[in-house]
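Enquirer: Curious how this folds, go ahead:
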Amino acid sequence: KMSNLRRQVLSAFKKLHRTRQYVFQGDANALAAGRLKINESFLQNRNESSEDEIQKMIKLAQDVDLELRTNVIQAQKKEDGVYELRITPETTRLDNVVFNPDAIIEKPRRQRGDKNTEGCCGGAAMAALEAEVQARNK
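Expert: Numbering: from 1, shown residues only. This is a model prediction of the structure:
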């Protein structure tokens, strides 16, 4: 059982390094910093013996790998204000909606059962403060 876990840890370690090389390709500083961070993280936890904790760390490594592959974009400065982006097939792309400056944004409607939420604490704190001020002024 532990050897399977060991295999999973080693696999996650190698995959993170492959992803680092892929995502930061051509950027010596980012490649070195990434190598250092990955190695430090795995070294820090090498004496962990709890199977649950190890599984959580493997899951974290997989999540980090996915985050790097899908959400990190390299940008290289070509000239002032001009950058070349390296977007991979795995990069997350969202629909680009053109901003409409004339859009009318309505206040959200109150849900059934919602209390009046004007001000803090449904206005109760402000009402209490006002009552206290009025009492002192008498």
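Enquirer: host element of residue 84?
Expert: Using DSSP states H and E, residue 84 sits within strand 82-86.
Enquirer: Who are the packing partners of that strand?
Expert: If contacts are counted by 3 or more C-beta pairs under 8 Å, 6 or more residues apart in numbering; DSSP states H and E, strand 82-86 sits against strand 74-79. For the C-beta atoms, the positions are set from N, CA and C on the backbone; glycine is no exception.
Enquirer: List the buried residues of the strand it packs on.
Expert: residue 74 (16 or more other C-beta atoms under 10 Å).
Enquirer: what's the average pLDDT for that strand?
Expert: In this model, strand 74-79 has a mean pLDDT of 90.
Enquirer: and the angle for that strand with strand 82-86?
Expert: If you take axes from the mean of the first three to the mean of the last three C-alpha atoms, to 10 degrees, strand 74-79 sits at 150 degrees to strand 82-86.
Enquirer: Strand 74-79 - contacts with which helices or strands?
Expert: Strand 74-79 packs on strand 82-86, going by 3+ C-beta pairs under 8 Å, 6+ apart.
Enquirer: Downstream of the strand holding residue 84, the next helix or strand is which one?
Expert: helix 124-137.
Enquirer: Can you list the strands that the strand holding residue 84 pairs with?
Expert: strand 74-79 (antiparallel) (DSSP bridges).
Enquirer: Let me see the residues that make contact with the strand it pairs with.
Expert: Under the contact criterion C-beta atoms under 8 Å, 6 or more residues apart in numbering, strand 74-79 has outside partners 23, 24, 25, 26, 27, 83, 84, 85, 86.
Enquirer: run the last query once more with 7 Å
Expert: The contact list for strand 74-79 (C-beta atoms under 7 Å, 6 or more residues apart in numbering) reads 24, 27, 83, 84, 85, 86.
Enquirer: quick one on the thing from earlier: let me see the mean pLDDT of the strand holding residue 84.
Expert: 90.
Enquirer: All set now, cheers.
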